[in-house]
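J.: From the sequence below, what's the structure:
(one chain, ligands or ions: 1)
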Amino acid sequence: MTPADLDAADPLAHCGTRFWLPAGKIYLDGNSLGALPAATPARLRLVAEEQWGADLIGSWNAHGWIDWPKRVAAKLAPIVGAEPDELIIADSTSVCLFKALGAALALEPERRTIVARTAEFPTDLYVAEGLARLLPGVGLRSVDGPLHEQKLDGTVAAVLASHVDYRSGERVDLVRLNEAAHAAGALSVIDLSHSAGAIAVVLNGSGCDLAVGCGYKFLNGGPGAPAFLYVARHLQERLRSPIQGWMGHARPFDFAADYAPAPGIDRFLSGTPSILALAALECGLDTFDGVAIEDVEAKGRRLAEVFIAEVTARTGIDLGWQADRGRRGSHVVVPHPQGYAVMQALIARGVIGDFRPPDLMRFGFAPLYNSFADVVAAAEALGEILASGEWNQPRFLTRQKVT
Ligand SMILES: Cc1ncc(COP(=O)(O)O)c(C=O)c1O
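T.: Numbers count the residues shown, from 1 in each chain. The predicted model follows:
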């Protein structure tokens, strides 16, 4: 089948118009910053002018702003396989992770260890290490190899893992991971940043205890969008947030001197919600309207398959285990010793991916707006750049601060 045939048969092709994408560019970095939903600019203007501008502070009641962290979370629930009352939108992923790990550590004082992979996303390790510095006796054990194969014992409070690895794109089996954590009496804390909105996550069905994730990647919430925090319902009354703010109080507007955690997921809120950012994230979540997350995942797999086949045929680069669709998330990495420069040359041609040291070019597939024509054109550009040596120019070789 040609890319045009694949696009013609794509049941999600109509979702492309839900986004604003610049002409002439192929955007394969939605795993880092999702594209702008077409509805976002007008919605931000409306919330700013008609709510904040016209109704001022009365908007907290008139427009229900106070409930937005939960109202918007309810739209995320089917995407990550959770119940609406198990999710809130708040803070950044790093801060949500601090809350999740801190709550897990406070549950059973004799459990003092967080176990995570050495290759975990750095912020996850930094947050865990920060907690270890703060709390007497707590330590981070970073390990190599699959977490479910580690020796976990009665000292472990939390097993921390990304569902999809930010660098390699490899996906962990959540059921196995949760079983291993639970067998040791520990809680699982899962970072869904690279799977929420791309993979059919089943938080409840796989037995996850706590989870966090970014709002600005496949959820299209905009740069620095608030994150989400999931706490399995059966744990909520037993856990407390280590950031006790007034928004997590049972009666915030009593202004009481003593803290009393709100019932349920609300206790994990801390401060005043970021309303404009929530409005943008809601537009991002609305891009999933009427679409089953299983169909999103299926298209992502197919896009990656086509890309892998084209790259292999055009460059001869072996993409190894990535051919195994069950092991992948929704991005593919292409190793090359000059990967940074090659990616800059691709970007100069309008094909936007990114680079992760030491040598990986990342290509993310956002099934709502990427087409089969996109991935074939990207592979074609990559093949040409490698064959011509076009990447070998000073302007492509110098690293930028942010990539
Ligand atoms: C797996 C993972 N966790 C966390 C983050 C960052 O979280 P934050 O929203 O706190 O910047 C990223 C950012 O790329 C990520 O890839």
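J.: is stretch 195-213 up against the ligand anywhere?
T.: No - using C-beta under 6 Å from any ligand atom, stretch 195-213 never reaches the ligand; the gap is at least 7.6 Å. C-beta coordinates here come from the backbone N, C-alpha and C atoms, glycine included.
J.: got the CA positions of that stretch in PDB?
T.: Output of stretch 195-213 as PDB, limited to C-alpha atoms (Å, rounded to 0.1, in the frame of the first residue of the first chain):
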ATOM      1  CA  SER A 195       2.300   6.800  27.100                       C
ATOM      2  CA  ALA A 196      -0.700   8.900  28.200                       C
ATOM      3  CA  GLY A 197      -2.500   9.900  25.000                       C
ATOM      4  CA  ALA A 198      -0.600   7.500  22.800                       C
ATOM      5  CA  ILE A 199      -1.000   4.000  24.400                       C
ATOM      6  CA  ALA A 200      -4.100   2.400  25.800                       C
ATOM      7  CA  VAL A 201      -3.000   2.600  29.500                       C
ATOM      8  CA  VAL A 202      -5.100   0.500  31.900                       C
ATOM      9  CA  LEU A 203      -4.200   2.000  35.200                       C
ATOM     10  CA  ASN A 204      -7.000   0.200  37.100                       C
ATOM     11  CA  GLY A 205      -6.900  -3.000  35.100                       C
ATOM     12  CA  SER A 206      -3.200  -3.500  35.600                       C
ATOM     13  CA  GLY A 207      -3.200  -2.800  39.300                       C
ATOM     14  CA  CYS A 208      -1.200   0.500  39.400                       C
ATOM     15  CA  ASP A 209      -1.100   2.200  42.800                       C
ATOM     16  CA  LEU A 210       0.000   5.700  41.900                       C
ATOM     17  CA  ALA A 211       0.900   7.400  38.600                       C
ATOM     18  CA  VAL A 212       1.900  10.700  37.200                       C
ATOM     19  CA  GLY A 213       2.300  12.200  33.700                       C
END
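J.: distance between that stretch and the chain's centre?
T.: On the basis of C-alpha atoms, centre = their mean, to the nearest Å, stretch 195-213 sits 10 Å off its chain's mean C-alpha point.
J.: Stretch 317-332 now?
T.: With C-alpha atoms, centre = their mean, you get 19 Å for stretch 317-332.
J.: Tell me, how many residues neighbour the residue lying closest to Trp321 once chain neighbours are set aside?
T.: The shortest distance from Trp321 to any non-neighbouring residue, by C-beta to C-beta, 6 or more residues apart in numbering, is to Arg327 (6.0 Å). Counted with other C-beta atoms under 10 Å, the neighbours of Arg327 add up to 14.
J.: mind listing what Arg327 touches?
T.: Glu170, Arg171, Trp321 (C-beta atoms under 8 Å, 6 or more residues apart in numbering).
J.: Where does confidence bottom out across those?
T.: Within these, Trp321 has the lowest pLDDT, namely 92.
J.: Angles on the backbone of it, please.
T.: Per-residue torsions, Trp321: phi -60, psi -20 (degrees, to the nearest 10).
J.: is Leu160 in a bridge, and if so with what?
T.: Ala116, Val189 (DSSP bridges).
J.: That one touches Leu187, doesn't it?
T.: No - at 9.6 Å, Leu160 does not count as touching Leu187 under the criterion of C-beta atoms under 8 Å.
J.: ok, so what distance separates Gly53 from the ligand?
T.: Remark: distance between Gly53 and the ligand (C-beta to the nearest ligand atom, to the nearest Å) = 29 Å.
J.: Which strands or helices does the strand or helix carrying Val311 pack on?
T.: Assigned by DSSP states H and E, Val311 belongs to helix 293-315. On a contact count with 3 or more C-beta pairs under 8 Å, 6 or more residues apart in numbering; DSSP states H and E, helix 293-315 meets helix 3-8, strand 331-335, helix 372-388.
J.: most packed of the ones you listed?
T.: For the helices and strands packed on helix 293-315, average neighbour numbers computed from mean count of other C-beta atoms under 10 Å are highest in strand 331-335, which has a mean of 23.
J.: Give the pairing partners of it; include direction for each.
T.: Neighbouring strands of strand 331-335 in its sheet, by DSSP bridges, are strand 360-364 (antiparallel).
J.: by how many degrees do the partner strand and helix 372-388 diverge?
T.: Strand 360-364 and helix 372-388 meet at an angle of 160 degrees, taking axes from the mean of the first three to the mean of the last three C-alpha atoms, to 10 degrees as the criterion.
J.: ok, and does strand 360-364 reach over to the ligand?
T.: No - if you take C-beta under 6 Å from any ligand atom as the test, strand 360-364 misses the ligand, and the best it gets is 10.8 Å.
J.: Contacts for that strand, please.
T.: For strand 360-364, the external contacting residues (C-beta under 8 Å, 6+ apart) are 28-32, 167-169, 307, 330-336, 339, 342-343, 346, 353-356, 375, 378, 382.
J.: 7 Å instead?
T.: Strand 360-364 is contacted by residues 28-32, 167, 307, 330-336, 339, 342-343, 353-356, 378 when judged by C-beta atoms under 7 Å, 6 or more residues apart in numbering.
J.: Restrict those residues to the buried ones and give me that as a PyMOL selection.
T.: Of those, the buried ones can be selected in PyMOL as follows, counting by 16 or more other C-beta atoms under 10 Å:
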select buried, resi 28+29+30+31+32+167+307+330+331+332+333+334+336+339+342+343+353+354+355+356+378
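J.: Give the buried residues for stretch 61-80.
T.: Under 16+ other C-beta under 10 Å, the buried positions of stretch 61-80 are 63, 65-66, 68-70, 72-80.
J.: quick one: average pLDDT of that stretch?
T.: Rounded mean pLDDT across stretch 61-80 is 98.
J.: export it as PDB, just CAs?
T.: Output in PDB follows, covering the C-alpha atoms of stretch 61-80 (Å, rounded to 0.1, in the frame of the first residue of the first chain):
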ATOM      1  CA  ASN A  61     -18.000  30.200  41.400                       C
ATOM      2  CA  ALA A  62     -19.700  31.500  38.300                       C
ATOM      3  CA  HIS A  63     -17.500  29.400  36.000                       C
ATOM      4  CA  GLY A  64     -16.800  26.700  38.400                       C
ATOM      5  CA  TRP A  65     -13.000  27.300  38.300                       C
ATOM      6  CA  ILE A  66     -12.500  25.700  41.700                       C
ATOM      7  CA  ASP A  67     -13.600  22.300  40.300                       C
ATOM      8  CA  TRP A  68     -11.500  22.400  37.100                       C
ATOM      9  CA  PRO A  69      -8.600  20.200  38.400                       C
ATOM     10  CA  LYS A  70     -11.200  17.400  38.800                       C
ATOM     11  CA  ARG A  71     -13.500  18.400  35.900                       C
ATOM     12  CA  VAL A  72     -10.600  18.300  33.400                       C
ATOM     13  CA  ALA A  73      -9.200  15.200  35.000                       C
ATOM     14  CA  ALA A  74     -12.500  13.400  34.200                       C
ATOM     15  CA  LYS A  75     -11.700  13.900  30.500                       C
ATOM     16  CA  LEU A  76      -8.400  12.200  31.000                       C
ATOM     17  CA  ALA A  77      -9.900   9.200  32.800                       C
ATOM     18  CA  PRO A  78     -10.800   7.100  29.800                       C
ATOM     19  CA  ILE A  79      -7.500   7.800  28.100                       C
ATOM     20  CA  VAL A  80      -5.500   6.300  31.000                       C
END
